[in-house]
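here is a sequence together with a model predicted from it:
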Protein chains: 4
Amino acid sequence: MVRNEKLKEYRLKEVENYKIHGRTDEGQDPLPLFSQGSGIEVNVTGSELWIDVEVDFDVYEPWVWTALNGAFLSRQMLMAGSYSLCLFRGMSPDTVKNVRFVRELQAMSEDGGCCLLIKGFRSDGAFCPVPGRRYKLEFIGDSITSGEGTYGEKTDMDWLPMYMSVSRNYAGMVSDALEAEFRLISQGGWGILCGWDNDPRHNIPSRYEKICGLAGGERNERLGAAKPYDFQSWKPDAVIVNLGTNDASAFDQPAWEDPLTGQTFRQRRNPDGTYHTEDIERLKQAVIDFLGMIRKHNPGSHIVWTYGMLGYDLTFAITDAMNRYQKETGDANLAFLQLPNTTAETVGSREHPGERSHARAAAVIVEYLRTVL
Amino acid sequence: MVRNEKLKEYRLKEVENYKIHGRTDEGQDPLPLFSQGSGIEVNVTGSELWIDVEVDFDVYEPWVWTALNGAFLSRQMLMAGSYSLCLFRGMSPDTVKNVRFVRELQAMSEDGGCCLLIKGFRSDGAFCPVPGRRYKLEFIGDSITSGEGTYGEKTDMDWLPMYMSVSRNYAGMVSDALEAEFRLISQGGWGILCGWDNDPRHNIPSRYEKICGLAGGERNERLGAAKPYDFQSWKPDAVIVNLGTNDASAFDQPAWEDPLTGQTFRQRRNPDGTYHTEDIERLKQAVIDFLGMIRKHNPGSHIVWTYGMLGYDLTFAITDAMNRYQKETGDANLAFLQLPNTTAETVGSREHPGERSHARAAAVIVEYLRTVL
Amino acid sequence: MVRNEKLKEYRLKEVENYKIHGRTDEGQDPLPLFSQGSGIEVNVTGSELWIDVEVDFDVYEPWVWTALNGAFLSRQMLMAGSYSLCLFRGMSPDTVKNVRFVRELQAMSEDGGCCLLIKGFRSDGAFCPVPGRRYKLEFIGDSITSGEGTYGEKTDMDWLPMYMSVSRNYAGMVSDALEAEFRLISQGGWGILCGWDNDPRHNIPSRYEKICGLAGGERNERLGAAKPYDFQSWKPDAVIVNLGTNDASAFDQPAWEDPLTGQTFRQRRNPDGTYHTEDIERLKQAVIDFLGMIRKHNPGSHIVWTYGMLGYDLTFAITDAMNRYQKETGDANLAFLQLPNTTAETVGSREHPGERSHARAAAVIVEYLRTVL
Amino acid sequence: MVRNEKLKEYRLKEVENYKIHGRTDEGQDPLPLFSQGSGIEVNVTGSELWIDVEVDFDVYEPWVWTALNGAFLSRQMLMAGSYSLCLFRGMSPDTVKNVRFVRELQAMSEDGGCCLLIKGFRSDGAFCPVPGRRYKLEFIGDSITSGEGTYGEKTDMDWLPMYMSVSRNYAGMVSDALEAEFRLISQGGWGILCGWDNDPRHNIPSRYEKICGLAGGERNERLGAAKPYDFQSWKPDAVIVNLGTNDASAFDQPAWEDPLTGQTFRQRRNPDGTYHTEDIERLKQAVIDFLGMIRKHNPGSHIVWTYGMLGYDLTFAITDAMNRYQKETGDANLAFLQLPNTTAETVGSREHPGERSHARAAAVIVEYLRTVL
């Protein structure tokens, strides 16, 4: 292998122009990519480009994908260590190449050791300005939004990083179609009020106000994940929520018991199968409260609550809560949008929406957003 | 033209086997086809089949389409008069052919003279039993369900019978996909509470309990259209409502004035553009009342309120009403289902959903009904 | 029915502007529509338009379809007689409507009594000029080009007019996509050298030079069908041949015996299944001769020999003949183009290409012609 | 990162079961993957699997993709060195996972240093038998078959490894659809008689009889690339040739001059634009000779010459040669098949067929092969 002697090494802070995607503590050096869809984008001349990363994890390895001039080029697993990855080689040196290096794996609340840091670049070219995109979108969700099932065979049932993605995820498809940049807050198994297994700690609203409340562990804390997120720094045109699927599951699961205190939590059904009044009520209240939280931090954003990629069970509960939120607040800048349910033809691995289901959902969201943005 | 001397003429009541589609007064002879999708189906041997019809109208001529063995064969305008139409000729005489002769045009509330009657058949074969289909579906709607725009160029803007159809209508597509027979109650421009122009007489619930409350005029009355409909005679597995689009329009129209009494009716917006509380409230009450009416007559049917092919404006109003209806009645056998909005690529004539929009809506409804039927 | 008293009756020759589609003897009054795709096109104002026709046949009734402003509106069987058909009613009188009235049925060589004549129009508007289209295309073929199988269920196996069409035919699809007008010479069962059953009279080249050599019987002769066709009158940009499928079948059929002379004709296979040298040779010579005939009459046209919608058996024979024709003549303005074979998903009635197969073939032809026109 | 202490290291020859894809010298240890589509497939239990590779190149780095249970999982650039790549981690240990590790990059005739070797695996499971597939297919081609343009943006014009693939290549799509394993011999810019630039050394037939005649350099020679290929070892059901596109280009290029001898080579056009008789003749002879060579080594295989993804210029030349080959040899077990040309909608990077063009070509080939296999 003939080495390119002209490569110059840059620490990230030395790079003249780059664009960060996703919520992070932008003052950090190296720069953590906490969440799925987080990444770094450069417009660079030269024949060759490398990125210097630092990676670690206890159990769940991060995956990344790269795009060159907007086109998918690579997707790979990252092992622990500090190393360089070549992003392109041998290109015509004078043209400007647009490169995105993006985290595929969700913030891993179950692996405090999981981190992916950008240290810098190696290049024989120059870093040019990276223009913003037309819109800004924030996506909030669960395993659907984490893209679980977008890779892997239908028969694959393990819960693994490699089956999650943003490269085949409706959030990315919507953003590309609308020329938008996006930020994504999601966690598989979590809900509005509680997780699929009735764990009340696994609610997204409790983490929404931090930079990345879903990235656990001391190291991520040191990297800034637990800091309050500065909502002024990036104002989305629309906030797209896709939650409720796990809250619906909870009604069919046994009670969750706190391993420390022994306290339990359970969303109950009545003997006739309908939802227990108090329990569905506290779920609706959680929807109302979360809408209030989102609105508080995003006063100018259109809020769309999307629902249905894994069943329509909570349509009435969510719309009732949204109606009540509207009446209480007078806030009319929101909408409820059903997404096509996942079918045998569109399902992916782990009984989750596959790429085709994401594409169908994206089409509906794109068509809707075009009428309001 | 060589005449087939073996043709035998049958008055309808003499025909041994046939199946009537659509609500009608089945005791009438000749038999009126009041509504869109109404028709007659036979399984017949022989080489040739004719149908004897009687047609009249003042302004709006009926259209029909025919299917042979389930496949679209013809679609044509019918002029006034009493005459025979050949449905097939020259076929192998021994095989059984399934033939449907179906009205394309909605019941014309604006043309009391419009009627289409089946008098009988001419055949050189035998009429065999016509088996029922797997499911029964009732569709209730407005111009969307009347298939306005499913024929004609995008630039065609006249309001004419030829642009309406059931042959390219989501109701037919859903029914074919699910092996269902269907009945259809719809009228362009009508709503739940009032018409697109605030005319409070143009509400579908007021006509729902008659055989065909939408077919006006003395002649249709004599033919049985205004008789109470016997809901026991045909119990749908699902009732699919697609109403609200004209109720939404009414909020943007001037008041309607009764030409006789001078009384006016108007759905108002507040100065800030939101719906006037009392007015949206009476619309919601109309939804609640109509759900109650449907349920009363169809105690075992799944009710799906579909919405969105021409915009999502009333999503919250409809779901709020449905939530309240549920709470008041405990009726859980109903659902709200959004349909894909019509886009520039899927629009048909008169700015109405085209065939592709109907196909997209049908796919969503089919996928949903498969999970509940 | 309220009659439109303003309708004025026009004999065809009195109509100021109209456009004839398809080969015919344009001096005739009434005007015969001999072939599939033959028709008449008008640009007309007024609220209502009728066409006066005269129809007859012994066995096989003609079908027609109509388009309004380019969109499919109706398709129906025509019975024998002299009568008027309403093409539209109730339209805004001032706009110009483009109307096409088109024969669906191929010229019926087996029914000398089959004829469809245009006598005139009835209108309350004015007939405006009908501009030509961008290109002119001539299609030459067999049952595929006659659109057999484009209507009807897959199980339908009768040989009947109603299953043939130009409204779902690749010839029409190609022409629409390229903004072309077209003329069509085709006959089910016929070939280049002989018919599917070895009948050597059933070769298309023998009829190509007449106005409509495929329309049999004395009446059609009186109407001008057998007159020499004036190739100067309409110069196609491309001639698209789609022949060979029946010539391939002949090799698997018993000898044909002339009912009058007792002479026989047969395309033979060798014992090992390959084509008998002399027989495949005379077929190739027929291809060469037909290319020469087409070129003689269309010196400036691009000739495309398309093949494959019902199998690729003669690919080598046809290309060999085309290569030899090229070497003998130096004519380089021709091409061979394979079309997608018909599959279980794309087949129509009578084991012939269905609408989807026609659509696939049309896409290939359109893409090709775009590179040469 | 928690290391898996149970991983056991296997040299390739110690692995009990595995399956090699692509032509190679199977006795080598480590095992070279010379060609695009070459790879190794295992059925393995255990929670984790790594592959040990040795990689080198002077200029053009190899890319690989991996599939888990048949589904695309990763695609990445490989740098020079000897190292391990993790193929999966954290899976349920008892299930059998099917893993393929496949070379994306064509054999690089222009980089003698380019090599990719499999040294072994690391696993905590057992290697189970890998069954063969239903069919065997051999693909022979140029840049189209090397998948140039299947990755990258339409605007990307560099000639680079990253734009070539087998993961989005018609050869892979055809093989997957037919449950076939395949071997692939292809080289961008090469032809039947000469390369796109008239270089007569760049003809595929001259390399066809070696294991990998396209892999240059001493090291590849030591690895067995230049050894005669044992055609008895793997008998394809069909050989699919896709050559001619560069031979057509040569007619429009200046003469090639041998840098050593000064001798020149050029395919000429006549002043009127037609092909020079002698030159097109030697091209046809090269087709005839190559068909003979393929047949000699694959006496039982169906041979399909496909053509057209980048234009139909040589349809007549190729079919003429095939006809002559057939007449000379009596060999009837071959076919000519046109593929859909690449359009603005289906083009990929470097003006080459994109993934959609490959998908269209694959569909045609699959439909054809289903009728003959």
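Looks like it arrived, so ask away. All figures in this text were calculated on a predicted structure; none of them were measured in a lab. Residues are numbered from 1 along each chain as shown, chains lettered A, B, ... in the order given.

list phi and psi for residue A:177.
phi -60, psi -30 (degrees, to the nearest 10).

pick out the residue of chain A closest to chain B.
Nearest residue of chain A to chain B: residue A:319, at 3.5 Å (Cβ to the nearest Cβ). Just so you know, the C-beta spots here come from the backbone N, C-alpha and C atoms, and that holds for glycine as well.

just say helix, strand or coil for the closest residue in space to that residue that isn't next to it in sequence.
Using Cβ to Cβ, 6 or more residues apart in numbering or on different chains and skipping residues adjacent in sequence, the residue nearest residue A:319 is residue B:319, 3.5 Å away. With DSSP: H, G, I helix; E, B strand; the rest coil as the basis, residue B:319 sits in helix.

wait, doesn't residue B:319 sit right on residue A:315?
Yes - the criterion here is Cβ atoms under 8 Å, and residue B:319 meets it with residue A:315 at 7.5 Å.

could you say which helix or strand holds residue A:365?
helix A:355-372 (DSSP states H and E).

ok, back up a step: and the residue of chain A closest to chain B, what pLDDT?
At residue A:319, the model reports a pLDDT of 97.

and if you look at residue A:1?
81.

and residue A:338, by the same measure?
pLDDT at residue A:338 comes out at 97.

same check, this time on residue A:152
97.

likewise residue A:352?
Residue A:352 is given a pLDDT of 97.

how many other residues sit next to it?
25 (other Cβ atoms under 10 Å in any protein chain shown).

who has more neighbours out of residue B:319 and residue A:315?
Taking other Cβ under 10 Å, residue B:319 and residue A:315 do not tie; residue B:319 has more neighbours (24 against 21).

who's in contact with the more buried one?
Applying Cβ atoms under 8 Å, 6 or more residues apart in numbering or on different chains to residue B:319 gives the contacts A:315, A:316, A:319, A:320, A:322, A:323, A:336, B:336.

pretty sure the first one sits against residue A:305.
When you say that, I think you mean residue A:315. No - counting by Cβ under 8 Å, residue A:315 stays clear of residue A:305, with 10.5 Å between them.

for residue B:319 and residue A:315, list the residues in contact with both.
Common neighbours of residue B:319 and residue A:315, using Cβ under 8 Å, 6+ apart, are residue B:336.

before we move on, the earlier item: return the distance of the residue nearest to residue A:319 relative to chain C.
Per Cβ to the nearest Cβ, to the nearest Å, residue B:319 is found 37 Å from chain C.

distance of that residue relative to residue B:312?
Using Cβ to Cβ, to the nearest Å, residue B:319 is found at 11 Å from residue B:312.

go on, residue A:81?
50 Å.

with neighbour numbers in mind, choose between the two.
Between residue A:81 and residue B:312, residue B:312 has the larger neighbour count (other Cβ under 10 Å), namely 22 against 10.

got the contact list for the residue in the stretch 201-350 of chain A positioned nearest to chain D?
Here the residue of the stretch 201-350 of chain A nearest chain D is residue A:349; by Cβ to the nearest Cβ that distance is 7.5 Å. For residue A:349, the contact set (Cβ under 8 Å, 6+ apart) comprises A:148, A:149, A:151, A:152, A:153, A:154, A:155, A:156, A:157, A:163, D:71.

phi and psi next, for it.
Torsion angles, degrees, to the nearest 10, at residue A:349: phi -80, psi 170.

nearest spatial neighbour of it, skipping sequence neighbours?
That would be residue A:152: by Cβ to Cβ, 6+ apart, it lies 3.1 Å from residue A:349.

surely the one you found meets residue D:71?
Yes - counting by Cβ under 8 Å, residue D:71 is a contact partner of residue A:152 at 5.5 Å.

which one of these two is surrounded by more residues?
Each of residue A:152 and residue D:71 has its neighbours counted (other Cβ under 10 Å); residue A:152 has more, 26 against 18.

which of the contacts of residue B:319 are buried?
In the contacts of residue B:319, burial by neighbour count holds for A:315, A:316, A:319, A:320, A:322, A:323, A:336, B:336, counting by 16 or more other Cβ atoms under 10 Å in any protein chain shown.

ok so the fifth one is a helix residue?
Yes - counting by three-state DSSP, residue A:322 falls inside a helix.

show me what the spatially closest residue to it that is not a sequence neighbour is bridged to.
By the measure of Cβ to Cβ, 6+ apart, the closest residue to residue A:322 outside its immediate chain neighbours is residue A:336, 5.7 Å from it. For residue A:336, the beta-bridge partners are residue A:305 (DSSP bridges).

report the contact partners of residue A:336.
A:304, A:305, A:307, A:318, A:319, A:322, B:315, B:316, B:319.

start and end of stretch A:220-231, how far apart?
20 Å (Cα to Cα, to the nearest Å).

count of neighbours near residue A:213?
The burial count for residue A:213: 23, using other Cβ under 10 Å.

how about the contacts made by residue A:81?
By Cβ under 8 Å, 6+ apart, the neighbours of residue A:81 are A:54, A:55, A:56.
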